[in-house]
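> Here is my input, please return the structure:
(one chain, ligands or ions: 1)
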Amino acid sequence: MPFDTDNVPQIASKEVLSRVLQAPVIPVFYHADVEYAQNILSACYQGGIRVFEFTNRGDNAFEVFTKLRAYVRENCPDMLLGIGTIYNAKDAEAFILAGADFVVQPITTADVAAICRHYDIAWVPGVMTLNEIFHATRLGAAMVKIFPAGVLGPDYIKAVHGPMPKVKVMVTGGVEPTIESLGGWFGAGVSAVGMGSQLFKDSSDLDALAGRISELMAFVDTVKK
Ligand SMILES: O=C(O)C(=O)C[C@H](O)[C@H](O)COP(=O)(O)O
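This is a model prediction of the structure:
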């Protein structure tokens with residue numbers, strides 16, 4: 001696929017990172033229906049979310065992403081829209097060219113690192129051990145995603161920051177959308193949290209979802225680093 005910079009209004013990885021640090025609660029979401037996805041995204045935006053991760057989880061994820069991309073540009077231009085669940089460079093490049101502001105992986109692969117570096121797109125690979133964090137950082141990770149964080153707990157993050165005090169960590173997988181849980185994670189030194197299933201468990205009432213999110217965002221503003 002040829003790269004046409006005119007069609008890709010990119011935001012440099014450094015700026016993306018600083019915007020993630022400013023609004024460090026990231027919904028992690030997939031739905032096959034565009035309108036449903038737009039409504040969820042819009043409720044998140046209303047609640048104060050400024051960084052949203054759509055995941056590459058279904059056959060039509062690319063098509064839904066491109067429509068969401070257009071929707072965000074039109075309706076919430078100060079929101080970053082990234083793509084998650086990326087396993088290979090081909091998919092990473094396709095989503096980058098379709099306007100992904102950042103790329104998240106459940107794992108760490110050097111080919112995805114290279115393509116993100118090429119386009120200067122923030123890359124957040126999935127890691128668990130210190131060895132994995134070390135390699136991901138050497139490959140250029142803007143931030144690492146510790147997954148599945150829920151089974152490890154905040155003490156794990158504190159332990160990681162002993163020998164690696166500077167590494168920026170986002171936690172996802174089993175992160176609970178409560179003030180108590182977020183207090184624990186941010187207290188342990190995470191730079192961002194990603195939340196999927198539990199945040200959207202009961203999202204039939206979009207106003208209630210926006211309300212829950214805005215309470216979390218207000219709390220996180222007081223505890224983020
Ligand atoms: O697809 C990816 O890139 C992942 O690594 C998985 C996501 O981070 C989780 O699906 C979110 O976890 P929950 O909040 O427990 O739903």
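
> does any bit of the helix or strand residue 83 falls within sit next to the ligand?
Element membership of residue 83, judged by DSSP states H and E, is strand 80-84. Yes. Using Cβ under 6 Å from any ligand atom, strand 80-84 comes into contact with the ligand via residue 84. C-beta coordinates here come from the backbone N, C-alpha and C atoms, glycine included.

> Could I get the buried residue list for that strand?
80-84 (16 or more other Cβ atoms under 10 Å).

> And these, which is closest to the ligand?
Taking Cβ to the nearest ligand atom as the measure, residue 84 is the one of the buried residues of strand 80-84 closest to the ligand, at 4.0 Å.

> what does the chain have sitting close to the ligand?
Counting by Cβ under 6 Å from any ligand atom, the chain sits next to the ligand at 28, 55, 84-85, 104, 106, 126, 147, 172-175, 194-198.

> Backbone dihedrals for the residue nearest to residue 34 when sequence neighbours are not counted, please?
Leaving out its chain neighbours, the residue that sits closest to residue 34 by Cβ to Cβ, 6 or more residues apart in numbering is residue 67, at 4.7 Å. Residue 67 adopts backbone torsions of phi -70, psi -40, taken as degrees, to the nearest 10.

> so where do the strands sit in the chain?
25-29, 51-55, 80-84, 102-104, 122-124, 126-127, 144-146, 169-171, 192-195 (DSSP state E).

> Columns distance to residue 111 on top of the ones you listed, output as TSV?
Formatted as TSV, the strands of the chain follow (distance: least, Cβ to Cβ, whole Å):
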stretch	distance to residue 111
strand 25-29	22
strand 51-55	19
strand 80-84	15
strand 102-104	12
strand 122-124	11
strand 126-127	15
strand 144-146	17
strand 169-171	21
strand 192-195	23
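
> As CSV, the ones you listed with mean pLDDT would be great.
Compiled in CSV, the strands of the chain are given as follows (pLDDT from 0 to 100):
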stretch, mean pLDDT
strand 25-29, 98
strand 51-55, 98
strand 80-84, 98
strand 102-104, 97
strand 122-124, 97
strand 126-127, 98
strand 144-146, 98
strand 169-171, 98
strand 192-195, 98
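
> Out of these, flag the one nearest residue 14.
strand 122-124 (8.1 Å; Cβ to Cβ).

> Note down every partner strand of the closest one and its orientation.
Take DSSP bridges as the rule and strand 122-124 pairs in its sheet with strand 102-104 (parallel).

> Can you list the buried residues in the strand it pairs with?
Taking 16+ other Cβ under 10 Å as the criterion, strand 102-104 shows 102-104 as buried.
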